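> Quick one, fold the following:
(one chain, ligands or ions: 1)
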Amino acid sequence: MNYETPLFFHVMQYADAADRDVIDMVSGNPDWEPPEALREGLREYADLEPDRFQYAPSAGLRELRTEIAARRGVDAEQVVVTNGAGEANYLAMARALERDRGNEILLTDPVYPYYPGKTTMLGGTQRFVATDDKGYLDPADVRAAASDETAAIVVNTPNNPTGAVYPAETMRELVSIAEAYDAILISDEVYDHYDLSGEFASALETDSANRIVTNAFSKSMAITGVRVGYAIFPPELVADAKSRHMLVNVATTRPGQYAVLRALRETEPDYYERNRQRLRERVETFTDALDAAGAEYTTPSGSFYVMARFEGYPGTLANVERLIDEAGVAGMPGEAFGDARSEWLRFALVTPRVEEAAERLAAYFD
Ligand SMILES: Cc1ncc(COP(=O)(O)O)c(C=O)c1O
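Numbering: from 1, shown residues only. From the prediction side, this is the model:
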């Protein structure tokens, strides 16, 4: 099988090997502090008894599943704690395909590249539905693309790479389309704590046997390296997902789950608000400079990313490498996210050097 390896690692390696100072705006690794209780939880863990260094229950620590379930308004039995949102998406897509209700996965264009990669890996086929210029999805277009072949519709809100936050009405419509074709709506909500618009609506708000919600603490607690996420399945679909999770992983990190549980319980809302505020300020700084550079760009309503288009400079891998070498700024090529944004570049605002990066871009494209 010919897997599509996402380009992220290639671009990061290229930037690392560059012969000059490069500002890394490639990946979505937050540069800010995790909650203090997370650090305390990890420190505390090191001194626990040997039995705590053994397998966790496969579906996740009972107390963590209960805490997540209470916050999300579901039953703890529906929650599987995973190795990040990445595994949660994999379990959800696999579960949708193994129902034998079709082999096609509906994805958006632009798309988070791991979804088409996972689709191929799982033996499914992709069908893309274009979003509008700002990244919004018209449910009527999804309905027109859906058929008896549709196993799943995979969406991501707040969105990587466009920054769109889908309104509640869109989420309700997407669930209803999944129900009409007995497909599964998979809603990846890993950036839910970075909704800058106040418009975020979880797919969980619409109760249905045809939707799976995936999420993680990777972004919300700035711990992409800790690897704790979760998927919430309808009761009828959860057993087989737990089996797959067990066969693939046995279980996920026990110290990580312990520390996340502690952080969930002890972290005040202002931790999350501070992080959103930092992001708002960075968006403003960066887009002001893009204005000065005469670039077209998207202003995100959520997530970490700004897409920009510079006249005569399409978003190819070659141009991204040139920008690393000649301007000292590393972004992602728009072509990595599908056909719709091949003229664009994506910049992740997870560096304190956003202003400097913007100045370098403005000088380069002057
Ligand atoms: C849309 C989306 N889903 C999932 C992930 C992966 O999340 P995790 O690190 O929790 O596996 C990312 C990471 O950038 C993402 O952007």
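
> in a strand, that's where I105 is, yeah?
Yes: under DSSP: H, G, I helix; E, B strand; the rest coil, I105 falls within a strand.

> Quick check, it in contact with T125.
Yes: contact criterion Cβ atoms under 8 Å: I105 and T125 qualify, at 7.2 Å. Placement of C-beta: from N, CA and C, glycine included.

> Just the pLDDT for A140.
As predicted, A140 sits at a pLDDT of 98.

> pLDDT score assigned to E87?
Predicted confidence (pLDDT) for E87: 98.

> That one touches A241, doesn't it?
No: E87 is beyond contact range of A241, at 10.5 Å (criterion: Cβ under 8 Å).

> Just give the nearest non-adjacent residue to E311, would you?
With Cβ to Cβ, 6 or more residues apart in numbering as the criterion, E311 has its nearest non-adjacent residue at 7.1 Å, and that residue is G294.

> residue contacts, T157?
164-166, 171, 187-189, 191, 200-201, 302 (Cβ atoms under 8 Å, 6 or more residues apart in numbering).

> let's see it at 10 Å
Neighbouring residues of T157 by Cβ atoms under 10 Å, 6 or more residues apart in numbering: 135, 137, 164-167, 170-171, 174, 187-192, 195, 199-203, 301-303.

> and the residue of the chain found nearest the ligand, how many neighbours?
Of all residues in the chain, G84 sits closest to the ligand, at 2.6 Å by Cβ to the nearest ligand atom. Neighbourhood size, G84 [other Cβ atoms under 10 Å]: 26.

> One more: P333?
23.

> In this structure it contacts L345, no?
Yes: counting by Cβ atoms under 10 Å, L345 is a contact partner of P333 at 6.7 Å.

> Is there proximity between stretch 130-148 and the ligand?
No: using Cβ under 6 Å from any ligand atom, stretch 130-148 never reaches the ligand; the gap is at least 12.4 Å.

> which residues of the stretch 51-200 of the chain fall in strands?
79-82, 104-109, 125-130, 150-156, 184-188 (DSSP state E, counting those that start in this stretch).

> what helices or strands is the second one leaning on?
Strand 104-109 sits against helix 84-97, helix 114-121, strand 125-130, helix 139-145, strand 150-156, helix 168-180, strand 184-188, with contacts defined as 3 or more Cβ pairs under 10 Å, 6 or more residues apart in numbering; DSSP states H and E.

> for the record, mean pLDDT for the third one?
Translated: strand 125-130. pLDDT averaged over strand 125-130 gives 98.

> go on, the last one?
For strand 184-188, mean pLDDT rounds to 99.

> Quick one: name whatever helix or strand follows that strand.
Sequence order places strand 211-216 as the next helix or strand after strand 184-188, per DSSP states H and E.

> In its sheet, which strands sit next to that following strand, and in what direction?
Applying DSSP bridges, strand 211-216 is found paired with strand 184-188 (parallel), strand 229-232 (antiparallel).

> Dump the ones you listed into CSV; add mean neighbour count as well.
Listed next are the strands paired with strand 211-216 as CSV, based on neighbours: other Cβ atoms under 10 Å:
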stretch, mean neighbour count
strand 184-188, 28
strand 229-232, 27
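
> mind putting those strands in TSV, distance to the ligand included?
TSV is the format used below for the strands paired with strand 211-216 (distance: least, Cβ to the nearest ligand atom, whole Å):
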stretch	distance to the ligand
strand 184-188	5
strand 229-232	5
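
> for those, which one sits closest to S58?
Closest approach to S58 among the strands paired with strand 211-216 is made by strand 229-232 (13.2 Å; Cβ to Cβ).

> Distance from that closest one to the middle of the chain?
13 Å (Cα atoms, centre = their mean, to the nearest Å).

> Just the CA atoms of that strand, as PDB, please.
Taking C-alpha atoms only, strand 229-232 is exported to PDB below (Å, rounded to 0.1, in the frame of the first residue of the first chain):
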ATOM      1  CA  GLY A 229      -7.100  12.500  23.700                       C
ATOM      2  CA  TYR A 230     -10.500  10.900  23.500                       C
ATOM      3  CA  ALA A 231     -13.300   9.800  21.300                       C
ATOM      4  CA  ILE A 232     -17.000   9.800  22.200                       C
END
